[in-house]
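> Sequence and predicted model, in that order:
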Number of protein chains: 2
Amino acid sequence: MLGIDVGGTKIAALVVDGAEASVVRLQAATDERPLEAQVIDLASQAVGAAGAECRPQAIGIGIPGQVDPAAGIVRLAVNLSVNDLPLADLVAAATGIPSFVEHDARAAAQWLCKSSGAACRLAYLSVGTGISAGVVLDGVLVRGTGGLAGEIGHLVAAPDGPLCPCGLHGCLEAVASGPALAREAAAAVARGERTGLTAHATAAEVYRAAAHGDALALRLASEAGAHLARAIRGLVLAFGVERVVIGGGLSRAGAPFFAPIQEALADERERSQLIRAAVDPRIVELLPADAEAGTRGAVAVARAGLRRAVAQPFGQREVTGG
Amino acid sequence: MLGIDVGGTKIAALVVDGAEASVVRLQAATDERPLEAQVIDLASQAVGAAGAECRPQAIGIGIPGQVDPAAGIVRLAVNLSVNDLPLADLVAAATGIPSFVEHDARAAAQWLCKSSGAACRLAYLSVGTGISAGVVLDGVLVRGTGGLAGEIGHLVAAPDGPLCPCGLHGCLEAVASGPALAREAAAAVARGERTGLTAHATAAEVYRAAAHGDALALRLASEAGAHLARAIRGLVLAFGVERVVIGGGLSRAGAPFFAPIQEALADERERSQLIRAAVDPRIVELLPADAEAGTRGAVAVARAGLRRAVAQPFGQREVTGG
C-alpha cells in the first residue's frame, strides 16, 4: 500500500508491506506545478523505489480540504488552490494503481482509532499550514454533509482578528496556523520589536527561538497556544470527545508548541468549574513527531478503498484505475 | 405524558394524551426555591389539572445543563446553580410517577428529528438565558462523554470579551444570551447613549425596541446576531449538519432576533467561497414561536424513558418512582 499525505508546504509518501512495515519513505517540497502533477510524480517515484516485489496494490491520498471520497474528487482546498479536481482518477490513470482520496485529518483520526473500535471518541487536531480536525464518535468518523465536518480552522477565534485566506476575519487558521505565526513574526520585526527572528522567519523558526527564550517568539507561541487551547475546549464541549490528539507540521516543534497549549488549558481549568468538569488535561496529547499520522492515515485510506472495491467489483464508481 | 421544560427564567409544563394532543399547559416564573421544589410544584399542578383520566404515565424534564439521563441526575447547571441533583428520583418520589431527565436542547433536537429518521443531520440551537445546542447526526443524538456534547455556549466568541458566569472570558453565552444583551443595554444607558431603553431593559425589550427602530437596540441585536451567525457557521463546519433550527426564549422575538443573524450569514457568504460552499442560508430556520420545542422535547423524553423502563423491567436503575 502507498499512502500520500499532501500538506501546504510538503508532500510525503510511505509504502508499507502487508505487515505494515515501512518499505519506502519519500518527501518533496510543494512547488508551482498543478497538484496532480506533484502527487503523480511522488507516487511514481515511490512505486519505482518499492520495486516489483513490493508494488502497492492501492494508493491512498490525504488532502487538507473538502473531499468527496466516493467520487475521488477534491472539491475545495483553499490552501492548495484546488477546485473540483478528480485526483483519484488522475493518479490511477498515471500509475495504473487504484487510488482513493480522503481528508487528511479525517484519515489520521480513523487511523488513531483503529485499535479502540466502537469505544473511540477522539478528535485529531492537525495544525500546520491549515488547521482542521477529524472526529470519531463511538468508533464512527463524523463526515457530515459534503464531507466538511471537522473544518474547525474556519471557526471564529477572534472576530476582529486578521483576514483569513478563506475571506473571513479572525478564523482559527488566521491566528494559529504556520502562515499566521510567520505573518505575526514579520509584523513584529517590522515594528522593531527586540528579537533574534528575521522578517522571513517560519513558524518552525518561531518555535525554535521560543525554545531558546526569545521574548517575541515566546509571546507568539503563547498567543497561538491560547487560541489552540480554546479550540480544544471547543472540540471537547461540542463533540464530547474523551481524547484530543494534536498533530500536523507545527506540532513537530514539540514542547515549545505544546507547553503554551497546556498552560492555557490549565489556566482555563483554574478559572472555570465547567472546564474543570469537562476538560481533563490528561485527555490532550501531542502526537509523537515520528508517528507519521498523515501517511499512515493515507495508507489506511488505500486499504479501506481497496476493501470496498473488492466488495463491489462490478465497475462501481469507487474503483478507479488498476 | 408530562413534559417539563426548565429554563433560566421560567418553567413550562405540557400534558399530552396518547394522540399527542395538548391537555394542560402551565408556566411559572423561576424563583428562589430549590429547583426540585419548583419542578415538583409545577408537576403536581399539571397532574392535578389533567385529572384522573389523563394522569401522565411518565414525566420528562428538560434541563439546561450537564445531565446523566441513565442515573436521572443533573450534574451541573451553572445557570440554575445546581450540582449533582437526583432530580428524577425526587420528582418521582413526590408525584408517584416515573420521571426522566435530559438536556433540554438535546431533547428538542431529537424531537425535531422524529420524522426524518436516519437521514437527520440537524443542530438545534437554543438561545435564551443560556446558549446550547443539540446535534443529531444520521439520526443519532450526539451525546458525548459525560453528556456534554453540544455545550457550545462556552465556546469562544471573543477572547477578550466579557466575563461569563462559567468563569471564562468571551464565551458565546457572555455576548449573545439574554443576560448578555440586558447587561450591554444597561451599560450603554449608563454611558448616556441615546435610546428609549431603560437601565433595566430585558433582552425581549431590546428586541422590541429594535423592531421600533431604536438605534442602540438595533446595534445590540446586530452584534448578537453576528456572534450567533458565527456559532451557526461553527455548527455547520464542525458537524456537517444540513439543518440548523434556532429556538429558545430569545428566538421568540422573531424577526428582530432572526434578521440580524441572516444578514451576518449573508455577509459571510459574500466574503468567503468556503462559506458559500458550506453554509446555504436556507438550512437555517427560526423555530415558530408556538412550536413548544422545549416541552414537546420533554414529552418525548418521558415517552422514551418509559419505553426503556418497560424493556428493562427488573428494577434497572433507569426506572425511578411509579
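In hand now; what should we look at? Numbers count the residues shown, from 1 in each chain, chains lettered A, B, ... in the order given.

> buried stuff in the host helix or strand of A:G297?
For A:G297, the element it lies in under DSSP states H and E is helix A:293-311. Neighbour-count burial for helix A:293-311 flags A:293-306, A:309 (criterion: 16 or more other C-beta atoms under 10 Å in any protein chain shown). Where C-beta positions appear, they are placed from N, C-alpha and C, glycine not excepted.

> what subset of those residues is also close to chain B?
For chain B, no contacts are drawn from the buried residues of helix A:293-311 by C-beta under 8 Å from any C-beta of the partner chain.

> follow-up on the earlier one: which secondary structure elements does the helix holding A:G297 sit against?
Here helix A:293-311 touches strand A:2-6, strand A:10-16, strand A:59-63, strand A:99-103, helix A:104-112, strand A:243-247, going by 3 or more C-beta pairs under 8 Å, 6 or more residues apart in numbering or on different chains; DSSP states H and E.

> Who is A:C171 paired with across the strands?
A:V156 (DSSP bridges).

> Could you report the neighbour count for it?
A:C171 has 31 neighbouring residues, counting by other C-beta atoms under 10 Å in any protein chain shown.

> from what I can see it touches A:G153, true?
Yes. Between A:C171 and A:G153 there is a contact at 6.3 Å, judged by C-beta atoms under 8 Å.

> And the residue of the stretch 201-322 of chain A that's closest to chain B?
A:G240 (1.2 Å; C-beta to the nearest C-beta).

> In terms of pLDDT, where does that residue sit?
Predicted confidence (pLDDT) for A:G240: 93.

> Within range of chain B, give me the residues from the stretch 201-322 of chain A.
Within reach of chain B by C-beta under 8 Å from any C-beta, the stretch 201-322 of chain A has these residues: A:226-227, A:230, A:233-234, A:236-242, A:268, A:271-275, A:277-278.

> ChimeraX command for the buried members of these?
Buried residues among these (16+ other C-beta under 10 Å), as a ChimeraX selection:
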select /A:226,227,230,233,234,236,237,238,239,240,241,242,268,271,272,274,275,277,278
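
> Please narrow the residues of the stretch 201-322 of chain A next to chain B to those residing in helices.
A:226-227, A:230, A:233-234, A:236-239, A:268, A:271, A:273-275, A:277-278 (DSSP state H).

> Convert the C-alpha atoms of the strand or helix carrying A:R183 to PDB, please.
Using DSSP H and E, A:R183 falls within helix A:178-190. Provided in PDB are the C-alpha atoms of helix A:178-190 (Å, rounded to 0.1, in the frame of the first residue of the first chain):
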ATOM      1  CA  GLY A 178       2.000  28.300  10.300                       C
ATOM      2  CA  PRO A 179       1.500  31.200   8.000                       C
ATOM      3  CA  ALA A 180      -0.300  33.200  10.800                       C
ATOM      4  CA  LEU A 181       2.700  32.800  13.100                       C
ATOM      5  CA  ALA A 182       5.100  33.800  10.300                       C
ATOM      6  CA  ARG A 183       3.000  36.800   9.500                       C
ATOM      7  CA  GLU A 184       2.800  38.000  13.100                       C
ATOM      8  CA  ALA A 185       6.600  37.500  13.500                       C
ATOM      9  CA  ALA A 186       7.300  39.600  10.300                       C
ATOM     10  CA  ALA A 187       5.000  42.300  11.600                       C
ATOM     11  CA  ALA A 188       6.700  42.400  14.900                       C
ATOM     12  CA  VAL A 189      10.100  42.600  13.300                       C
ATOM     13  CA  ALA A 190       8.900  45.400  11.000                       C
END
